[in-house]
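A.B. asks: kindly return the folded structure for what I paste below:
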Amino acid sequence: MTALGVLAAGPGSTIQDGGRHGYLRYGVTGAGPMDPFAHALANRALGNVAGAAAIEVSLGGLEVTAEGGPVAVALAGGAFAVTLDGQALPPAVVVAVEPGAKLKLRAGQAGAWCYLAVSGGFDVPQVLGSAATHTRTGIGGIEGRGLMSGDRLTIVGASPAEIETGQIIAPLLERPAEAIRVILGPQDDYFADDQIATFLAGPWTISARGDRMACFLDGPKLTHVRGYNIASDGIAMGAIQVPGEGQPIVLMADRQSTGGYPKIATVIGPDLGRLAQARPGTVISFRAVTHGEAVAARAAEHTFLTGAIATEPLIRTRFTSEFLFGLNLIDGWVDAHQPA
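C.D. replies: Next up, the predicted model:
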């Protein structure tokens, strides 16, 4: 059976699908991708459903090969350095990986996460209706852990011959360096107007302390007007808590199910990936938008993902001896000693 074999995997490479929904009330974290749009894009570029299981690759990188037959692969996310048998590829691409070929992903110019989807998806056991890996509790994915050398991920689905390969054209993946859009609340009334203005202006620096659970922000200290304890309530991905020390914390994919600190704002869905892709040391700010603006941004994302994902042909920039030997570059010969 066709499979993807893991040759090397850095810390943080896991199987993630659309997330484990409906169990937060029981204290079960949803998990799922840090960059939901890039995850969905990689799947949709192959004709998979947007929430199909894919590999989330961290800055530690990943190296895989096809086993048992060619595998159609799509990559999307940060500007990672990608090579297939030494040939450089765009960071967002659909490509066929032949048996024995080595596909390598390494940290590149920008971004913190990249997604590797395969045509048809991975055959991964589900826990509570999802294959998403949550390493803190050890559920989902491959035995609830990150990927490691020697793992073999069985593939089901279409043949690469049915897939149009090429660079993925996705303007929404460009992620301009603009303020992260938020909806204020639900506990913005715990902060005076000047503190909300300070929160929006920043600047905030992404801390190195962050992980899949939370993004920590370093910057001006925020103060509360009604204390910093509330009755614990549910936490959505992107919720921004402000604990007693006044430094905001953005809760991400592996967030806890409830929290007891006031939430000054919530990052809108279409900007979650842009925040997640920001590496430690990146300076950001926030911009408050209306509910209508947030819905419009989500609608634009949905429209793009439900349409046909365009690709353009790859241009070879490096010609190895193996590649040249595989071409028929000679169609005849002449004797130099004979007259023309």
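A.B. asks: spatially central residue for this protein, please.
C.D. replies: D35 (3.9 Å; Cα atoms, centre = their mean).
A.B. asks: and the helix or strand hosting L103, what does it pack onto?
C.D. replies: Element membership of L103, judged by DSSP states H and E, is strand 102-118. In this structure, strand 102-118 makes packing contacts with helix 36-44, strand 54-57, strand 62-67, strand 71-84, judged by 3 or more Cβ pairs under 8 Å, 6 or more residues apart in numbering; DSSP states H and E. C-beta here means a position set from N, CA and C on the backbone, and glycine is covered the same way.
A.B. asks: could you dump those to a markdown table with mean pLDDT, mean neighbour count and distance to S257?
C.D. replies: Shown next, in a markdown table, are the helices and strands packed on strand 102-118 (pLDDT from 0 to 100; neighbours: other Cβ atoms under 10 Å; distance: least, Cβ to Cβ, whole Å):
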| stretch | mean pLDDT | mean neighbour count | distance to S257 |
| --- | --- | --- | --- |
| helix 36-44 | 98 | 27 | 18 |
| strand 54-57 | 98 | 29 | 21 |
| strand 62-67 | 97 | 22 | 29 |
| strand 71-84 | 97 | 24 | 26 |
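A.B. asks: out of these, nearest to E293?
C.D. replies: Taking Cβ to Cβ, helix 36-44 is the member of the helices and strands packed on strand 102-118 nearest to E293, at 17.0 Å.
A.B. asks: how far off centre is the closest one?
C.D. replies: Its chain's C-alpha centre and that of helix 36-44 lie 8 Å apart, by Cα atoms, centre = their mean, to the nearest Å.
A.B. asks: can you tell me how far A208 is from V95?
C.D. replies: Going from A208 to V95 by Cβ to Cβ, to the nearest Å gives 33 Å.
A.B. asks: and if you look at E67?
C.D. replies: 16 Å.
A.B. asks: just P171 next, same as before
C.D. replies: 21 Å.
A.B. asks: the two: which is more packed in?
C.D. replies: V95 (22 against 6; other Cβ atoms under 10 Å).
A.B. asks: quick check: which element contains the more buried one?
C.D. replies: Per DSSP H and E: strand 93-97 holds V95.
A.B. asks: pLDDT on that strand, on average?
C.D. replies: Regarding strand 93-97, the rounded mean pLDDT is 96.
A.B. asks: what mean pLDDT does stretch 301-310 get?
C.D. replies: 95.
A.B. asks: list the buried residues in that stretch.
C.D. replies: 301, 304-305, 309 (16 or more other Cβ atoms under 10 Å).
A.B. asks: closest one to V49 out of these, please.
C.D. replies: Distances from V49 to these, taken as Cβ to Cβ, are shortest for L305 (10.4 Å).
A.B. asks: could you export stretch 175-182 as CSV, CA atoms only?
C.D. replies: The C-alpha trace of stretch 175-182 is given here as CSV (Å, rounded to 0.1, in the frame of the first residue of the first chain):
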residue,chain,number,x,y,z
ARG,A,175,0.1,37.7,4.6
PRO,A,176,1.1,41.4,4.5
ALA,A,177,2.8,42.9,7.5
GLU,A,178,-0.3,44.7,8.8
ALA,A,179,-2.0,45.0,12.2
ILE,A,180,-3.6,41.8,13.4
ARG,A,181,-7.4,42.3,13.3
VAL,A,182,-9.4,41.6,16.5
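A.B. asks: how far is that stretch from where the chain is centred?
C.D. replies: That offset, for stretch 175-182, works out to 17 Å (Cα atoms, centre = their mean).
A.B. asks: give the buried residues for it.
C.D. replies: Buried residues in stretch 175-182, defined by neighbour count with 16+ other Cβ under 10 Å: 175, 179-182.
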